[in-house]
Every structure is written in structure tokens, then in C-alpha cells.
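any chance you can model this:
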Amino acid sequence: IEGGLTAFPDFGQVRYTLRELELSSNLISTIDHELLLNFHALKVLGLKDNLLTEFPDVSPSMNTLVELHLKGNKISKISQGILDQLKALRILNLDRNHITSLPDFAGPASTLESLTLNENPITDLSNGAVKSLDGIDHISLRNTQIDVFPVVHYEVITTIDITGSPLDVCYCSNMWLKTA
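Numbering: from 1, shown residues only. Sure thing, here's the model as predicted:
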């Protein structure tokens, strides 16, 4: 549903079986937590290019969510623990928001494969924010303000994209990136 939606709709009984929900390119600024309840089968939630200022307060019933797309909103903070309920999450797209830091990842840590944070004013990543991302394959931090990347051991990472960021791989704590 694209267009002029200003509020997250109530999907009634359909939410019990809905697998994919695309609400991108609307004017949604907040989402009532009650409206996110009972999306038991939802795999993909697209809320790109809206006016969200807060990360949606996802419900434990959304534990089947595999992809969450929040690109192009006005989100500035992700509260600690809010991602813990998303145990199946593999793709998290937070490009073009106002995020300056990340919480520690707990819930989706073992399943998250792709994390994109391009064009956010992030200046640094704590070790806690990324050290638990065991299965991460792709981290994209293009055009951010990252200048130091935490030294962590990644088993399967294939891509760290820092294009356009002031990260200096010659800085001692970033030397591991040259050999990764």
C-alpha cells in the first residue's frame, strides 16, 4: 500500500495469516503497539520512506519476521532490547535515518545476515553492538561518520562496506580490516 497513509492500518483478522506487508512511501509517523500484535505469519515488513521517528515496538508475536525494512525514516535511536524478540530476523535495513549509535544485539544476533546503516550519522560502533553478530555476512556503513571499527572475530562475514566513511584502515585498531 503506497500513497497517503498517515497511520498504520488495523488489518483485523488478516494479520493472523499475512506473510508480507509493504507500507513504504507513506506518511506514517507512529505505529500503535496494539496494531502490531498477532502478526504470527509475517516474514517481511516494509516501512521504507515514511516519517517514523522511533523504531517500531515490535511484538513477540512477530517472531517469524525475517526482513525488516526501515530505510528513509527519521529514526534516531534503537532502544536496548527492542530487537530481542526478532529471533528469525535475517535482514535489517536502517539506511537513511538519524541513528547515531546501536544497542547491543541479542535476539537476532545469531540469525542476522545483513545489517545496512548507510547514510546515518553514526560515529562509532561499540564492541557490544557487533560482537554478538556471529552469523553476519554483510555490514554496510556507507557514508556514515564511522572512523573506528571494532575488532571482533567474524566467522562468516564476507562484506564490510565503509565507502564514503572517514574510517582510516591504517589506524592501529582498524588494521585487522586489511587482512579480513
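
show me where this structure dips below the pLDDT cut-off.
Along the chain, segments meeting pLDDT under 70 span 1-2, 105-110, 127-128, 130-132, 134, 151-156, 168-180.

could you pull out the strands for the protein?
Per DSSP state E, the chain carries strands over the ranges 20-22, 44-46, 67-69, 91-93, 114-116, 138-140, 159-161.

of all those strands, which lies closest to residue 59?
Evaluated with Cβ to Cβ, the strands of the chain place strand 44-46 nearest to residue 59, the distance being 11.3 Å. (Each C-beta comes from the backbone N, C-alpha and C, glycine too.)

partner strands of the closest one and their direction?
strand 20-22 (parallel), strand 67-69 (parallel) (DSSP bridges).

okay, these, which one's buried deepest?
Ranked by mean neighbour count, those are led by strand 67-69 with a mean of 20 (mean count of other Cβ atoms under 10 Å).

ok so, going back, could I get the strands paired with strand 44-46 as JSON lines with distance to residue 100?
Below are the strands paired with strand 44-46 laid out as JSON lines (distance: least, Cβ to Cβ, whole Å):
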{"stretch": "strand 20-22", "distance to residue 100": "28"}
{"stretch": "strand 67-69", "distance to residue 100": "20"}
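
can you pull the contacts of residue 74?
By Cβ atoms under 8 Å, 6 or more residues apart in numbering, the residues touching residue 74 are 51-53, 97-98.
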